[in-house]
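Undergrad: Turn this into a model:
(chains A and B)
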There are 2 protein chains.
Amino acid sequence: MRFVVWFLSLLTVFCPAECGNVLVWYTEGSHWINLKIVLETLIDRGHNVTVLVPDAALFMKAKESDRFSFQHFSVSTSAQDMQDFLDELLHFSVYEMDQLNLLQIQMKFYKLASKHQDMSISHCDGILKSPELMDKLRNGKFDVVLSDPIYPCSDIVAEELNVPLVFTLRFSIAHAVERMCGQIPAPPSFVPGSMSKLTDKMRRPTSYCEMMGKADIWLIRTYWDFEFPRPFLPNFKYVGGLHCTPDMEEFVQSSGDDGIVVFSLGSMIDKMPKETSNMIASALAQIPQKVLWRYGGEKPDTLAENTRIYKWIPQNDLLGHPKTRAFITHGGTNGIYEAIYHGVPMVGIPLFGDQSDNLVHMKAKGAALSMDNIKTTQPQDLVDGLNAVINDPSYKENAMRLSRIHHDRPVKPLDESVFWIEFVMRNKGAKHLRVEAHNLTWYQYHCLDVFAFLITVLTLVLYAVFKMCKFFIMRCCFSSKRKSKKE
Amino acid sequence: MRFVVWFLSLLTVFCPAECGNVLVWYTEGSHWINLKIVLETLIDRGHNVTVLVPDAALFMKAKESDRFSFQHFSVSTSAQDMQDFLDELLHFSVYEMDQLNLLQIQMKFYKLASKHQDMSISHCDGILKSPELMDKLRNGKFDVVLSDPIYPCSDIVAEELNVPLVFTLRFSIAHAVERMCGQIPAPPSFVPGSMSKLTDKMRRPTSYCEMMGKADIWLIRTYWDFEFPRPFLPNFKYVGGLHCTPDMEEFVQSSGDDGIVVFSLGSMIDKMPKETSNMIASALAQIPQKVLWRYGGEKPDTLAENTRIYKWIPQNDLLGHPKTRAFITHGGTNGIYEAIYHGVPMVGIPLFGDQSDNLVHMKAKGAALSMDNIKTTQPQDLVDGLNAVINDPSYKENAMRLSRIHHDRPVKPLDESVFWIEFVMRNKGAKHLRVEAHNLTWYQYHCLDVFAFLITVLTLVLYAVFKMCKFFIMRCCFSSKRKSKKE
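TA: Numbering: from 1, shown residues only, chains lettered A, B, ... in the order given. Alright, predicted model coming up:
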């Protein structure tokens, strides 16, 4: 009995708010890596966390160390389908796209988008069309649904369960969802609408936005160290870099004064064509630094003494190492934030998605150089890029400036994320942060109805004045004519 | 020596940032009340605070208890001029305006605005045209200028001293300054542009905005408990309610279960016409609550047993008293925030300035009722209003909801204000939060240049296509004619 009391008092200590139940939408890849940090903290504070996960999940695997419970659901697509789709998407984005003409790209893109849609629908159906699962979720008495909207339907499920919804996302997937569904204003004159290859995503039907627009809080995985300053809304919270930790292990002591270069192309690219890996290895051979390269493929023929390949590297710890001089990155948000956190200048080799755009941000802020893409990069380009960011002090200075900005904020991003998730749980939503724009049509938003009314009134008044003038002039002329006639 | 070391270590404890020098722009009335709280906290944290104050100041008087140093400057206007102006403005706004026609109002307003401008210029001159004072300020090695922009020129002085600038202001003075100088977007469709009587203030020359637009941080004295949700920018920080404290003294114990009503028309109105005070007193006589009325004028003839008049009341403490049932207020931001802080429903009697607008916000959020103005209010209106907010539970519930929202934020508003002031001091500004819109013309902002270019290209292409079609059709017809001619 005393143990129970002690345990309950412990819970109270960890969880200042009433402890609650969090339902987490499934996600994949680097998105899951980021989300897990938030979930761990929620559990530290005494909340119960349930994660929806499809049978066909690639990244979301239950480990013994995980403290949250997984709620599985069946989908008609297999894990192999999912993997095939990702491989096809990657191959198309990184290697194939340059060799196709515009029409072929459009057709291929349409094919991929259809596949993605079919898979998404199979996921939605797996939850929404399973009465047992929906009943179980209803009985779960959840206080909030936490979702990365890269996989759809969380908004519909939240609506069905009558539970508030918090989104967590990286900002710039064509800005379409945030602009159209979140009603965040984005004057195109100074808010760059990135990734124009994906603009057809902006033509989604309104009903999609209507559902997504119901989210209470949007946790954006960037901050003003990364974003260009822009208008935003009170329910948008910028929590970029929440996954970075200051833990640092002694790992690299063999490098001399030249230091080391950390190299990773992210969690999605494990292999690349032999010629590409040879090109990269021959470039790395030409710099004095030691290079730690995270790569799962075959050892390149041109690999030099100064470069070592690892299946996995403690990337965050390495970036925090005082000997780290530069980071070669594909430009994923998680990696970029680790570099910002530790103030390491970057050389980018963007592959697909938002990566080029992320690197444009870092380049504009003077903390990175970027190749156009992996296919056209020549060894000398990479060598020149590395030498520039390592030897020109401005790159290091700018990276350190971003790092200062990143750390110098009133609330840590992880704490802020958890605060707003708990806020929504405590207050059953955050409707006081919701702009009235959600309830306006597009012509009301731009005041075109008012404008049309004013134009109409003005036209009528002008017409009336014109008619009256004409009438009086005619009358004058007529009477003067009559007069002259009389005379 | 040991004392010096101990003293220095104490400073380090209080001031985690490097301690610095803060120059504070002069202000008046309730604005000064609000600003003083921030200054006290800055001093608590070890900073040196110097306040610019004109000889003719009304509210900014050095007291023995004050820990900041006053830097006096001479102005050509006297304190009496200032008082006369304020009296004239108040009388015009509260009592005179209804009796004038539109032209008379415009003329009177223009006269008052000119007077205000003359006084402002005399203040600016008092600082900028005094080489001794400017030299002294230059030698003061200030790290930041903190200014309530209701009195102009702080931007020019900050520019002259080459010191970053932080503004602190209440939001809605026609939104003109924030919109035009701060570049905060304000779609008129859902961001109400309040106080239309003052719209001519939106026509200030651009150079004014150019100077004001250089402010690094805008500390806005409202929050989402008060504001309608709207787009804003990363350098706008909403710190409303920072002056409220939970200190509560035992003051009112004589009232029964009916509780008390607190009544104040703010720091500016000390007297009112006899008929008005009689009207109010006769209304207050009709409610069962005890009323504490802060009033400096003559005792009204109709004053009842349940009402007591005080020259000064501890308003914040009284609003926090558990027996307080309602707050009769003129709708000043400070008073409204004290009511929100303690969750007390309000009855508004707006006098001038932003007060009607403030009360519109509270009414829309269901926490207040409001009279139109003090002149047209009948005793029965006031009695009905008080009975409604006291007996209809929805008003108390909504006030408590606003209070919950107000308290439930990740950083306390006073801490956030101090954080951003110190941020600017540490980082020599906050340029990373500055939108690119500051560097665009109005037609670039709205992409009209791009639009005009596209329209031109489209027109040219259409014209070329039309000409070509015409050419080929003509040729066809011509050749067929020639053919037929030949035949």
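Undergrad: Pop out the phi and psi values for A:Val261.
TA: phi -120, psi 130 (degrees, to the nearest 10).
Undergrad: What degree of burial does it show, as a neighbour count?
TA: Neighbours of A:Val261 under the rule other Cβ atoms under 10 Å in any protein chain shown: 28. In short, each C-beta sits where N, CA and C put it, glycine included.
Undergrad: Check the one 3 residues further on too.
TA: A:Ser264 is surrounded by 23 other residues when neighbours are defined as other Cβ under 10 Å.
Undergrad: measure it to B:Thr377 for me?
TA: 71 Å (Cβ to Cβ, to the nearest Å).
Undergrad: A:Val51 too?
TA: Remark: distance between A:Val51 and B:Thr377 (Cβ to Cβ) = 59 Å.
Undergrad: Mind jotting down where the strands sit in the stretch 101-250 of chain A?
TA: For the stretch 101-250 of chain A, the strands defined by DSSP state E, counting those that start in this stretch occupy A:144-147, A:165-169, A:217-220, A:236-238.
Undergrad: Tabulate these (JSON lines), appending mean pLDDT, mean neighbour count and distance to B:Gly320.
TA: Converted to JSON lines, the strands of the stretch 101-250 of chain A look like this (pLDDT from 0 to 100; neighbours: other Cβ atoms under 10 Å in any protein chain shown; distance: least, Cβ to Cβ, whole Å):
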{"stretch": "strand A:144-147", "mean pLDDT": "88", "mean neighbour count": "26", "distance to B:Gly320": "32"}
{"stretch": "strand A:165-169", "mean pLDDT": "81", "mean neighbour count": "25", "distance to B:Gly320": "33"}
{"stretch": "strand A:217-220", "mean pLDDT": "72", "mean neighbour count": "24", "distance to B:Gly320": "30"}
{"stretch": "strand A:236-238", "mean pLDDT": "76", "mean neighbour count": "21", "distance to B:Gly320": "30"}
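Undergrad: Can you check which of those gets nearest to chain B?
TA: strand A:236-238 (7.9 Å; Cβ to the nearest Cβ).
Undergrad: how deep is the closest residue to A:Asn306 other than its chain neighbours tucked in, by neighbour count?
TA: Nearest residue to A:Asn306, sequence neighbours excluded (Cβ to Cβ, 6 or more residues apart in numbering or on different chains): A:Lys290, at 5.2 Å. Look at A:Lys290: counted by other Cβ under 10 Å, it has 20 neighbours.
Undergrad: And for A:Leu100?
TA: 14.
Undergrad: Repeat that for the one 10 residues further on.
TA: Under the neighbour criterion other Cβ under 10 Å, A:Tyr110 is assigned a count of 11.
Undergrad: Per-residue pLDDT of it, please?
TA: pLDDT recorded at A:Tyr110 is 89.
Undergrad: one step back: give me the beta-bridge partners of the residue nearest to A:Asn306?
TA: Listed beta-bridge partners, A:Lys290: A:Ile260 (assigned using DSSP bridges).
Undergrad: sorry, back to before: what would the strands of the stretch 101-250 of chain A look like in CSV with distance to B:Ile269?
TA: What follows is the strands of the stretch 101-250 of chain A, written out as CSV (distance: least, Cβ to Cβ, whole Å):
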stretch, distance to B:Ile269
strand A:144-147, 47
strand A:165-169, 45
strand A:217-220, 41
strand A:236-238, 40
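Undergrad: Serialize those to a markdown table and add fields for distance to chain B.
TA: Converted to a markdown table, these look like this (distance: least, Cβ to the nearest Cβ, whole Å):
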| stretch | distance to chain B |
| --- | --- |
| strand A:144-147 | 15 |
| strand A:165-169 | 15 |
| strand A:217-220 | 12 |
| strand A:236-238 | 8 |
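Undergrad: Tell me which of these sits nearest to B:Ser403.
TA: strand A:217-220 (20.5 Å; Cβ to Cβ).
Undergrad: ok, back up a step: quick one, which of A:Val51 and B:Thr377 is more surrounded?
TA: For the pair A:Val51 and B:Thr377, the greater number of neighbours falls to A:Val51 (24 against 17), based on other Cβ under 10 Å.
Undergrad: so who does the closest residue to that one other than its chain neighbours touch?
TA: Using Cβ to Cβ, 6+ apart and skipping the chain neighbours, the partner closest in space to A:Val51 is A:Val24 (4.4 Å). Taking Cβ atoms under 8 Å, 6 or more residues apart in numbering or on different chains, we find A:Val24 in contact with A:35, A:39, A:49-52, A:68, A:145-147.
Undergrad: Please list the members of the residues you listed that lie in helices.
TA: The helices, defined by DSSP state H, take in A:35, A:39 from the contacts of A:Val24.
Undergrad: Sketch out the helices for the stretch 251-400 of chain A, chain order is fine.
TA: Counting by DSSP state H, counting those that start in this stretch, one finds helices in the stretch 251-400 of chain A at the ranges A:274-284, A:315-319, A:333-342, A:355-364, A:379-391, A:393-407.
Undergrad: Kindly compare burial across those and name the winner.
TA: helix A:333-342 (a mean of 25; mean count of other Cβ atoms under 10 Å in any protein chain shown).
Undergrad: Up against chain B, what does the stretch 301-450 of chain A have?
TA: Residues of the stretch 301-450 of chain A lying near chain B by Cβ under 8 Å from any Cβ of the partner chain: A:404-405, A:408, A:410-411, A:415-416, A:419-420, A:423, A:426-427, A:432-437, A:440, A:444-447.
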